[in-house]
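Sequence plus the predicted model coming up.
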Amino acid sequence: MSRVAALLTAVAGKLRAARDEANRPVFTEVRVELDRYDLADLVNDSTRAPTARVCFMRSKPVKREDGGLDLDVSVAIVVVAGRQGRANPELSSADLAALGLLDRCTVELMFDPYVGLGQLQAADIGDQLVAVSEQSNKHAVAIALLEAKWRLLDVHIARPAIQAAIETGRNPWTPDGIAIGDGEPEPPRTAGDGT
């Protein structure tokens, strides 16, 4: 499994495990999607609200000084909340519920910003926004999202010779022997061994 897919799966696992005060699941459904969220699909799936989707937004390689690469990954957590009770023009219950779900997602990510994984930086929780208000649709749902970013570390590690040359402090792998063609492996030659 790719490290990006592992991250998305771990985020979804945290949200699935979230419980409310009565020890019930916060979300009836949590899914990972490797494409951007589609509002029409979200509205159609709203019968299962409250739901969450963990959507891959973008990634960008980040070159390190040691020649290796990290990867910045941006994820959107999209929540769908349904109306609770009768419609109220002053206080849209689905809107409030969607904001409450975003708060809950934020708490889960702040409680474990590494989502149970290693080799990544802590979550950087970004913007939250309401995409669909209960008052703006006939389905009595509200859809909101929050962006979270992680930096996956050591996605690509520089070659040992580069690490040694720039003295990264890493313990680079060095070969025990070198074979040329079909010959037997020989110990690597070092400077000053007369060859």
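That came through fine. From a predicted model like this one, the values you see are computed outputs, not experimental measurements.

Mind listing what's buried along stretch 95-106?
Of the residues in stretch 95-106, Asp95, Ala97, Ala98, Leu99, Gly100, Leu101, Leu102, Arg104, Cys105, Thr106 count as buried by neighbour count, 16 or more other C-beta atoms under 10 Å. For glycine as for every other residue, the C-beta is placed from the backbone atoms N, C-alpha and C.

quick one: it to chain centroid distance?
With C-alpha atoms, centre = their mean, to the nearest Å as the basis, stretch 95-106 stands 19 Å off its chain's centre.

got a list of contacts for that stretch?
15, 18, 26-27, 50, 52, 77, 79-82, 84, 125, 128, 130, 133-135, 142-146 (C-beta atoms under 8 Å, 6 or more residues apart in numbering).

please redo it, this time with the cut-off set to 7 Å
15, 18, 26, 50, 77, 79, 81, 84, 125, 128, 130, 133-134, 142-144, 146 (C-beta atoms under 7 Å, 6 or more residues apart in numbering).

In strands only, show me those residues.
Judged by DSSP state E, the subset of the contacts of stretch 95-106 located in strands is Ile77, Val79, Ala81, Ile125, Gln128, Val130, Ala142, Ile143, Ala144, Leu146.

Buried ones from the residues you listed, can you make that a PyMOL selection?
Typed into PyMOL, the next command selects the buried ones out of the ones in strands among the contacts of stretch 95-106 (criterion: 16+ other C-beta under 10 Å):
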select buried, resi 77+79+81+125+128+142+143+144+146
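
Backbone torsions only: list them for Leu117.
For Leu117, the backbone dihedrals (degrees, to the nearest 10) come out as phi -110, psi 160.

quick one: which of the buried residues of stretch 95-106 is nearest to Leu39?
Closest approach to Leu39 among the buried residues of stretch 95-106 (C-beta to C-beta): Ala98, at 13.3 Å.

what pLDDT does that closest one get?
Looking at Ala98, its pLDDT reads 91.

Restricted to helices, list the buried residues of stretch 95-106.
Asp95, Ala97, Ala98, Leu99, Gly100, Leu101, Leu102, Arg104, Cys105, Thr106 (DSSP state H).

Could you chop the protein up by domain?
3-157, 160-195 (automatic domain parsing).

Could you export the ones in helices among the buried residues of stretch 95-106 as a markdown table, including distance to Leu71?
A markdown table is the format used below for these (distance: C-beta to C-beta, whole Å):
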| residue | distance to Leu71 |
| --- | --- |
| Asp95 | 35 |
| Ala97 | 34 |
| Ala98 | 30 |
| Leu99 | 31 |
| Gly100 | 32 |
| Leu101 | 28 |
| Leu102 | 25 |
| Arg104 | 27 |
| Cys105 | 22 |
| Thr106 | 23 |
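
This completes my enquiry, with thanks.
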